[in-house]
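> structure here, sequence nowhere to be found:
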């Protein structure tokens, strides 16, 4: 079953662009993958185009062998652009193999270990004292709909120009302490700080929280320095959720082996596809670390992540932006007529061959990409900071 073509296709879905990779075999099977490197899609498209030149004629069933060739076939191996491209190709190859064998992808990963994929809900109202009533209304509405785990965003998160960490942490901590009192002890509550803080700022934030306020703190600082996270780990007992930026098993290694994260935020569209994600998840299992997948993209990413989650013994919760208050529009039914459906707060995986996603290719090709750039944030003094 030889590969005939590999093509990257960029289109706008809802408010964001999505980069799909289409792999076609000579016998007519079509597989779809998705890249996770948002706002840098042109770079990934260049990598996919380069890979396509030597993938033609390869046996599409040799997924692990192809992964190794894509990663090791040049001197400057790895990096997020390369692994985002590998991820999309890898996922598409699993889609093809599942279709050719007439089995869902999860069967290729060892079979289902659960029948549904539980998710956490995202609140889109900033955790800020000035927006407290609005936040409580949104959170209570989610609880009323059956959601038991809620993740919020910090104060000043949505400002497109300025992010002042010290201002954010003081306001966010005040708001979260009050939110916990309103929600009570039974709701799992987390926050995503989007790696916008330093070690000292994160420690200060955690010290301002009353005991048992937060159940997990996601990505408070950047992940380039495991040593920084090791220092931070000693300063707070709040569980960390880290890993959405990891682009290989090697990046994940210190966080797993040194106990620097309690929830591993693997992104199958960045880390190297299902092939690499399964290796990292197995490694995490040996250290009793649960996987909480990062899933911010479209239906292809959601489907691949659901199959991944279904096959794991150490799965926690799935991220989803298909909740009742999401305005992302990333799962447009006119572009993806068949996709995994969120029912309440869980996904059920369709028992069909491959990923279980159909792409309206003509419509997607007409979904003209938009020029998008993440906010280039500054502090009040004019210095650049993380988005």
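Structure received. In this text the structure is predicted, and so the values were computed from the model without any measurement.

> only C-alpha atoms for contact and neighbour calcs from this point on.
OK.

> packing partners of the top helix by length along the chain?
The helix that spans the most residues within the chain, counting by DSSP state H, is helix 80-101. Here helix 80-101 touches strand 16-25, strand 30-34, helix 41-55, helix 63-72, helix 105-108, helix 273-285, going by 3 or more Cα pairs under 8 Å, 6 or more residues apart in numbering; DSSP states H and E.

> how about residue 357, nearest residue that isn't a chain neighbour?
Spatial nearest neighbour of residue 357, excluding adjacent residues (Cα to Cα, 6 or more residues apart in numbering): residue 339 at 4.6 Å.

> residues near that neighbour, how many?
By other Cα atoms under 10 Å, 21 other residues sit near residue 339.

> again, but for residue 341
Residue 341, neighbours per other Cα under 10 Å, totals 16.

> quick check: phi and psi on the closest residue to it other than its chain neighbours?
Closest residue to residue 341 apart from its sequence neighbours, by Cα to Cα, 6+ apart: residue 347 at 6.0 Å. For residue 347, the backbone dihedrals (degrees, to the nearest 10) come out as phi -100, psi 140.

> what sits against the residue nearest to residue 357?
Contacts of residue 339 were listed using Cα atoms under 8 Å, 6 or more residues apart in numbering, and they are 299, 300, 303, 356, 357, 358.

> give me the buried positions along the longest helix of the chain.
Residues 80-100 are the ones in helix 80-101 that count as buried (16 or more other Cα atoms under 10 Å).

> got TSV for the helices and strands packed on helix 80-101, with mean neighbour count and mean pLDDT too?
As requested, those are exported to TSV (neighbours: other Cα atoms under 10 Å; pLDDT from 0 to 100):
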stretch	mean neighbour count	mean pLDDT
strand 16-25	24	97
strand 30-34	28	98
helix 41-55	18	97
helix 63-72	16	97
helix 105-108	22	98
helix 273-285	22	98
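
> could you point out which of these sits nearest residue 149?
helix 273-285 (21.7 Å; Cα to Cα).

> and the closest one, how far out from the chain middle?
14 Å (Cα atoms, centre = their mean, to the nearest Å).

> need the contact list for the residue sitting nearest the centre point of the chain.
In the chain, the C-alpha nearest the mean C-alpha coordinate belongs to residue 294, at 2.3 Å (Cα atoms, centre = their mean). For residue 294, the contacting residues are 244, 265, 266, 267, 268, 318, 319, by Cα under 8 Å, 6+ apart.

> would you map the strands across the stretch 101-250 of the chain?
116-127, 149-154, 188-192, 216-218, 240-242 (DSSP state E, counting those that start in this stretch).

> of these, flag the one that's most buried.
Across the strands of the stretch 101-250 of the chain, averaging neighbours per residue (mean count of other Cα atoms under 10 Å) puts strand 240-242 on top, at a mean of 27.

> what pairs with it, parallel or antiparallel?
According to DSSP bridges, strand 240-242 forms sheet pairs with strand 216-218 (parallel), strand 263-264 (parallel).

> what's in contact with the first one?
Surrounding strand 216-218, the residues in contact under the criterion Cα under 8 Å, 6+ apart are 189, 190, 191, 192, 193, 194, 238, 239, 240, 241, 242.

> pretty sure the first one is touching residue 238, no?
Spelled out, that is residue 189. No. Counting by Cα atoms under 8 Å, residue 189 does not reach residue 238; the two are 11.3 Å apart.

> give me the common contacts of these two.
Common neighbours of residue 189 and residue 238, counting by Cα under 8 Å, 6+ apart, are 214, 215, 216.

> so how far is stretch 314-334 off the chain centroid?
Distance of stretch 314-334 from the chain centroid (Cα atoms, centre = their mean) equals 11 Å.

> next one: stretch 235-242
19 Å.

> same deal with stretch 29-41?
Stretch 29-41 sits 13 Å away from the centroid of its parent chain (Cα atoms, centre = their mean).

> and that stretch, end to end?
Across its full length, stretch 29-41 reaches 25 Å end to end, with Cα to Cα, to the nearest Å as the criterion.

> what does that stretch rub up against?
Contacts of stretch 29-41 (Cα under 8 Å, 6+ apart): 10, 17-24, 44, 80-81, 84-85, 87-96, 99-100, 267, 269-270, 297-298, 300-301, 372-374.

> and what of stretch 159-167?
156, 157, 196, 197, 201, 375, 376, 377, 378, 379, 380, 385.

> now do the buried residues in that stretch.
For stretch 159-167, a neighbour-count test (16+ other Cα under 10 Å) marks 162, 163, 164, 165 as buried.

> quick revisit: for the helices and strands packed on helix 80-101, give me JSON lines that also has distance to residue 183.
Output for the helices and strands packed on helix 80-101, formatted as JSON lines (distance: least, Cα to Cα, whole Å):
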{"stretch": "strand 16-25", "distance to residue 183": "32"}
{"stretch": "strand 30-34", "distance to residue 183": "37"}
{"stretch": "helix 41-55", "distance to residue 183": "40"}
{"stretch": "helix 63-72", "distance to residue 183": "46"}
{"stretch": "helix 105-108", "distance to residue 183": "36"}
{"stretch": "helix 273-285", "distance to residue 183": "31"}
